[in-house]
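> need a 3D model of the following:
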Amino acid sequence: MFKCDVPAEIECLFSKQFQYKKTSEWHLPGASEIFSSEHEELSNFISLKDSLNKTKNLLSDKKLNDWHQHTAFTNLAGRVVPEVRRLANAELCTQAWCKFHEIAWKYPLLPTNAVWNSELNTVHLCEAPGAFIASLNHYLKTQDDCCDWNWVANTLNPYHEANDGLVMIADDRFIANTLPWWYFGPDNTGDIMTIKYLNGLQQFISNMSAVHLVTADGSFDCQGDPGEQESLVSPLHYCEVVTCLLTLSKGGSFVLKMFTLFQHSSINLMYLLNCCFSEVHIIKPGTSKAGNSEVYVVCLDYFGKEVIQDIQPKLIHNFGTGMASKSLFPQRCLPESFLSCHLECCTFFYKHQTETIIENLQLFSDMGEDQKKRLATLRDLAVSYYRRMCNLRRIQRKQWLVKNPRAGCSLNPRWVGIRNRRTDTYNERKKLEALTWTEKVAQGYFNPWLKDHVQSDMSAGSSLECQYYDLKLNDWYFLKGNLLPRIQSSPFCENDLLKALNETIAEFFKGTINILALPICSSCYALNIDSFASIVLSMIDGDQHILICGTHSLYTFLNERHRCCSFLETPISYKSISLLHDGEPVNELQLITLVVCALQRLEMGGSLVLPILSCFTRFTAGILYVLYHCFQFITFLCPTASLTPGTDTVLLCCGFNSVPSQVLQQLEKLKELLDSLVGSGSHQQVLEFVPMEALLNGPFLQFLWDLNSAVIKQRLHLIGTVACKVEFS
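Presented below is the predicted three-dimensional model:
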């Protein structure tokens, strides 16, 4: 028999809560005090931080996957998520889903019944992948009262090429199928840490009569410096808080994810929130891993924007990363009663976290069968406790927000299992970060690609077969944004591969590679003009017309054998590859010009040979999407640079169908817009014209992944091999 205190242990797991006991002296300082002094840390709080980090440092030599596997087993709430998913048929059921559900049941986040029966408006910041929204939907669907619910969400745009793909949430299955409800701001990045975003959001939600709830679940990847997580994330927390205070309506609620609350920046934010809301609570949900620093700040009954009216200009002036240089409030403005209360709060959560880490370490080195059985029993009890606490009820699939997902990178079979593969320790990661590109090569970091010589079938049989159907021009829009500084991510490729390629270009070639100067690897398969022409001719049906772009030598060779070829003179000339890849506006203009001319000249049933750089951007993907609807069959080849100077990818498009005049008109308008932007030296470019929902679908997305994977691997091999020869010769 287990000890009789087992149920109490589970109850303790779900009772990590703290409420600030406010006094009359807690009020906002005058505007002259705001951001008027330097940060001044408080020694008793920093002592807690140092002590916690000392405990965390005991994990530095643990392999990530081994430690995560262990803590997943010791996590008393570890079975809650799969059981909730099964029993309640919960949509997008994750830890975040369960955490929000727990918070929603413990605190009166939503308006009173008088408002409830008419309208509910919510705003969700840093929300990817969307679990809070799905959890709130489940909560609403299981209530007896119904309401007209409107929501708006934000996250770093997973489809914006300048966003780092390795710091964004990879799961986009919810986002891709609810895109109209997501606001990514005037620059389309989704970065809320700009005043432009703040102003744009106010305009975007201006049709809402009131905002009743704001949630903010943001964070950064702090694995590189976990001891400074609080200070690294503090500018984001500041922007989330200010955005809430300028968005939320009087009487509304706010849920904010934070971590440790030891530093002056966090202490100031907590004081600000206590001065703006009737009640402020801190909760560590039972479904949040007990060994991490994550807590949620729950603020109830907002006093309204009037409470910050005097200090609002300064709050906005320091929006973004600027707040890090000065302290929001001087230390003298923080009442002793508040500091005492806050210290009590920090100590409470500090003790729970350190006790969990130490216990996990002890079990990591020695866990007997009795302990395993006891943990298994506790985990079962946690599921039962959670179900009762949240009055968990099942909903039907038709009540989900996304009933039949049709788009999303994370629905692509190639994507599954790619993310979160790190198995190194913290110490090993820090050592790797300190290496130069040359040292990484010497230690074999790039070996998987340097040794992967180009084979004869780079396309690996990847192709698109299209049944002609409507391009849905009514859904097209020309989305402009700031000029891309570099391509850091793409929804159409594996971002680990792209990162390795970018690092090679940036570190060794200083940002640009002259393709024509690169010799050919003698061990790679050389696709000469004869074999290339044979492949093209094998795909052509009879004497159908072939239009060849950009490769005059291939045209000459084919014309002698086929006699039904034509060559499209074009200004296209990819002589270099940079960190912009296919995102350079001049190259985009050349590509759209080439495609428009080709579609106008092609005959029914004809074929097109089109060289491209890659297809990392939404713009290039849109061009390929148009071709996908114009040809019966599309594939690609990756010949050597000697065959197609300046490019290493060639599209073969066969079986042309006539293009509706409306499509050509739209492409002409797009070309004119690009011509205007490039010609005027504009600081903007066209980011997207075919909706993402269309680009993220099925076989088309799979084709883009295959194409880009072949391109990146070939470039890594050819460029890296040459770089290594130069570097180590």
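> please count neighbours and contacts with C-alpha atoms only from this point.
OK.
> what's the following helix or strand after the helix or strand of the chain with the lowest mean pLDDT?
The least trusted helix or strand in the chain, going by mean pLDDT, DSSP states H and E, turns out to be helix 113-116, with a mean of 52. Downstream of helix 113-116, the first helix or strand assigned by DSSP states H and E is strand 119-125.
> parallel or antiparallel, list what pairs with that next one.
strand 148-153 (parallel), strand 213-216 (parallel) (DSSP bridges).
> now the ones you listed in a markdown table, with distance to L483 and mean pLDDT?
Formatted as a markdown table, the strands paired with strand 119-125 follow (distance: least, Cα to Cα, whole Å; pLDDT from 0 to 100):
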| stretch | distance to L483 | mean pLDDT |
| --- | --- | --- |
| strand 148-153 | 25 | 95 |
| strand 213-216 | 29 | 98 |
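> dump these to a markdown table, plus distance to A162 and mean neighbour count.
Converted to a markdown table, the strands paired with strand 119-125 look like this (distance: least, Cα to Cα, whole Å; neighbours: other Cα atoms under 10 Å):
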| stretch | distance to A162 | mean neighbour count |
| --- | --- | --- |
| strand 148-153 | 20 | 17 |
| strand 213-216 | 23 | 26 |
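> nearest to T354 among those would be which one?
strand 213-216 (25.8 Å; Cα to Cα).
> list the buried residues of the next helix or strand along the chain from that closest one.
Next along the chain after strand 213-216, taking DSSP H and E as the criterion, comes helix 229-245. Neighbour-count burial for helix 229-245 flags 229-245 (criterion: 16 or more other Cα atoms under 10 Å).
> report the contact partners of T74.
T74 makes contacts with N360, L375, as judged by Cα atoms under 8 Å, 6 or more residues apart in numbering.
> quickly find the element holding the residue nearest the centre of the chain.
Nearest to the mean C-alpha position of the chain, counting by Cα atoms, centre = their mean, stands M168 at 2.7 Å. Using DSSP H and E, M168 is not contained in any helix or strand.
> give me the contact list for stretch 674-687.
478-484, 585-586, 588-589, 617-619.
> model confidence over it, on average?
Averaged across stretch 674-687, pLDDT comes to 95.
> show the end-to-end separation of it, please.
Stretch 674-687 has its terminal residues 11 Å apart, counting by Cα to Cα, to the nearest Å.
> can you list the buried residues in that stretch?
L674, D675, L677, V678, Q684, Q685, V686, L687.
> looks to me like the last one is in a strand.
Yes. L687 forms part of a strand when assessed by DSSP: H, G, I helix; E, B strand; the rest coil.
> how much space between the closest residue to S410 other than its chain neighbours and N177?
Spatially, and ignoring its direct neighbours in sequence, S410 is nearest to D171 (5.4 Å; Cα to Cα, 6 or more residues apart in numbering). Going from D171 to N177 by Cα to Cα gives 12 Å.
> again with S522
With Cα to Cα as the criterion, S522 and N177 are 47 Å apart.
> who has more neighbours out of the two?
N177 (20 against 8; other Cα atoms under 10 Å).
> got the phi/psi numbers for that one?
Backbone torsions for N177, taken as degrees, to the nearest 10, come to phi -100, psi 0.
> that one: what's it in contact with?
V402, P405, R406, A407, G408, E693.
> so which of these is the closest to H545?
E693 (33.4 Å).
> I'd say that closest one and C409 touch.
No. Assessed by Cα atoms under 8 Å, E693 is found out of contact with C409, at 10.3 Å.
> and S410, what is it in contact with?
A170, D171, D172, R173, V416.
> the third one - how many residues pack around it?
Applying other Cα under 10 Å, we find 21 residues neighbouring D172.
> let me know the pLDDT of it.
90.
> tell me the phi and psi of it?
Dihedral angles (degrees, to the nearest 10) for D172: phi -120, psi 10.
> is it true that it touches R406?
No. Judged on Cα under 8 Å, D172 makes no contact with R406 at a distance of 11.4 Å.
> if we can go back for a sec, confirm that the residue nearest to S410 sits in a helix.
No. Read with three-state DSSP, D171 is coil and lies in no helix.
> isn't it up against P129?
Yes. Between D171 and P129 there is a contact under Cα under 8 Å: 5.8 Å.
> of these two, who's got more company?
For D171 versus P129, neighbours defined as other Cα under 10 Å are more numerous around P129 (23 against 19).
> ramachandran angles for the more buried one?
The phi/psi pair for P129 (degrees, to the nearest 10) is phi -90, psi 0.
> from here on, count from 32
Done: numbering now begins at 32, and the last item shifts to P160.
> break down the stretch 282-431 of the chain into its strands, ranges please.
284-289, 308-314, 326-333 (DSSP state E, counting those that start in this stretch).
> one step back: in CSV: the contacts of S441, plus distance to Q474.
Formatted as CSV, the contacts of S441 follow (distance: Cα to Cα, whole Å):
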residue, distance to Q474
A201, 29
D202, 32
D203, 35
R204, 37
V447, 28
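> got TSV for the strands paired with strand 150-156, with distance to Q693 too?
Output for those, formatted as TSV (distance: least, Cα to Cα, whole Å):
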stretch	distance to Q693
strand 179-184	33
strand 244-247	43
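> so which of the ones you listed is nearest T220?
From the strands paired with strand 150-156, taking Cα to Cα, the stretch that ends up closest is strand 179-184, at 13.4 Å.
> so where's the stretch 132-281 of the chain shaky on pLDDT?
In the predicted model, the stretch 132-281 of the chain carries pLDDT under 70 at residues 144-148, 176, 197, 252-257.
> against N230, how distant is M224?
The value you get for M224 to N230, if Cα to Cα is used, is 11 Å.
> er, G216 I mean
Distance from G216 to N230, by Cα to Cα: 9 Å.
> more neighbours: these two, which one.
G216 (23 against 14).
> quick check: phi and psi on that one?
phi 90, psi 170.
> ok, it - contacts?
D222, I223, K227, Y228, G231, L232.
> highest neighbour count among those?
I223 (24 neighbours).
> look up phi and psi at it.
Backbone phi and psi, for I223 under degrees, to the nearest 10, turn out to be phi -80, psi 0.
> correct me if wrong: it contacts G231.
No. In this structure, I223 is not within contact of G231 by Cα under 8 Å, at 10.0 Å.
> quick one, helices of the stretch 332-481 of the chain?
Ranges of helices in the stretch 332-481 of the chain, per DSSP state H, counting those that start in this stretch, are 343-348, 367-396, 400-420, 457-464, 468-473, 478-481.
> for whichever strand or helix holds W128, buried residues please.
Under the criterion of DSSP H and E, W128 resides in helix 126-137. For helix 126-137, burial by neighbour count (16+ other Cα under 10 Å) applies to Q126, A127, W128, C129, K130, F131, H132, E133, I134, A135.
> which pLDDT value goes with S609?
85.
> bridging residues for it?
If you apply DSSP bridges, the partners that S609 bridges to are T543.
> isn't it up against E534?
No. Using Cα under 8 Å as the test, S609 is too far from E534 to be in contact (11.1 Å).
> so for these two, which residue has more residues nearby?
Set S609 next to E534 and count neighbours by other Cα under 10 Å: S609 wins out with 19 against 16.
> mind checking which of the strands paired with strand 150-156 is nearest L701?
Nearest to L701, of the strands paired with strand 150-156 and by Cα to Cα, is strand 179-184 at 29.3 Å.
> tell me the first helix or strand C-terminal of that closest one.
helix 204-207.
> identify the residues contacting that following helix?
123, 159-161, 213, 433, 436, 438-442, 723-724, 727.
> of those residues, select the buried ones using a PyMOL command.
Of these, the buried ones can be selected in PyMOL as follows, counting by 16+ other Cα under 10 Å:
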select buried, resi 123+159+160+161+213+433+438+439+440+441+442+723+727
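> among the contacts of helix 204-207, find the lowest-pLDDT one for me.
Out of these, that is L442, at 69.
> wait, Q126 sits on S319?
Yes. With contact defined as Cα under 8 Å, Q126 counts as touching S319 (6.9 Å).
> gap between K434 and D506?
21 Å.
> and if you look at C595?
Taken as Cα to Cα, the span from C595 to D506 is 37 Å.
> equivalent analysis for D81, please.
Taking Cα to Cα, one finds D81 at 55 Å from D506.
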